[in-house]
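In: sharing a model prediction with you, sequence too.
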Amino acid sequence: MAGKQTPNVKCEDCEFRQQSLFGVLCGHELDDLNEAKSCTAYKKGQVLLYEGTRPLGVFCINRGKVKVYKLGIDGKEQIIRIAKEGDILGYKAMISNETYPVTAETLEPCTICFLPKTDFLSLLSNNQEFNQKLLQAVCHELGVMADNLTNLAQKSVRERLAVTLLMLRDTYGIDGEREEVEINLTREDLANIVGTATETLIRLLHDFKEENLIITKGRKITVTDPKGLVKVGRL
């Protein structure tokens, strides 16, 4: 089901623009970007892009969180990351002229802007600073992916959960405005990030709660002892 069109979010007024790849743009470039893009409100559980399909453009998150995942042979999701405000999705497949390697699905109501392929590639060709920032972003993501693979290979499930909760604490926090940050994910999604069975995850969350590392309320998790999680995760 398609999202509902929303009033246009002006790029120059977006509070997360400086955190995104578009932060280097100014003047007429912002005007052109604002003219070319469209903004849509998505409900929870709507898919932005599907693994294996051809890219038509890029998505920039203005509000909300999006899970990015691959499907295993058994159809089980392996969540690669949780994208947040200011993140751009779909640009690597477009640059490489390949299909999307992942699926992206909203975790909550979101406002997301879409920039068509031709406009994005034109911007990439005409702005050297934007081109360089994009290259830096790709290299950074490759480094993060390498770290994540190492964590999966060398850390226990308990350690991976501790690392994941710390990562999600940063994702759901906005510039450190709050000391305590609520992580709002289903237990299944959290298990798919950690790479374990849901039953194992629930048992470990109970253990973390008993150790006063976290508190839970329904599906929401609040990290109360980040230093303790750092120790558990061997970071």
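Out: The structure has been received and is ready for your questions.
In: so who does the spatially most central residue of the chain touch?
Out: Averaging the C-alpha coordinates of the chain gives a centre point, and the residue nearest to it by CA atoms, centre = their mean is Ala83 (1.1 Å). Going by CB atoms under 8 Å, 6 or more residues apart in numbering, Ala83 touches Ile61, Lys65, Val66, Lys67, Val68, Leu89, Ala104. Backbone N, C-alpha and C define where each C-beta goes, glycine included.
In: longest helix in this protein, by residue count?
Out: In the chain, with assignment by DSSP state H, the single longest helix is helix 128-154.
In: now for that helix, which elements pack on it?
Out: Identification of packing neighbours for helix 128-154 by 3 or more CB pairs under 8 Å, 6 or more residues apart in numbering; DSSP states H and E yields helix 91-96, helix 117-126, helix 157-172.
In: pipe these into JSON lines and attach mean neighbour count, mean pLDDT and distance to Glu211 per row.
Out: Output for these, formatted as JSON lines (neighbours: other CB atoms under 10 Å; pLDDT from 0 to 100; distance: least, CB to CB, whole Å):
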{"stretch": "helix 91-96", "mean neighbour count": "18", "mean pLDDT": "87", "distance to Glu211": "39"}
{"stretch": "helix 117-126", "mean neighbour count": "15", "mean pLDDT": "89", "distance to Glu211": "47"}
{"stretch": "helix 157-172", "mean neighbour count": "20", "mean pLDDT": "89", "distance to Glu211": "10"}
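In: and those helices as CSV, adding distance to Thr224?
Out: Formatted as CSV, the helices and strands packed on helix 128-154 follow (distance: least, CB to CB, whole Å):
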stretch, distance to Thr224
helix 91-96, 36
helix 117-126, 42
helix 157-172, 11
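In: mind listing which of the contacts of Ala83 are in strands?
Out: Here DSSP state E is the test, and the contacts of Ala83 give Ile61, Val66, Lys67, Val68, Leu89, Ala104 as lying in strands.
In: now do the same contact list for the second one.
Out: When contacts are counted by CB under 8 Å, 6+ apart, Val66 is found next to Leu48, Ile82, Ala83, Lys84, Asp87, Leu89, Ala104, Glu105, Thr106, Leu107, Cys110, Ile112.
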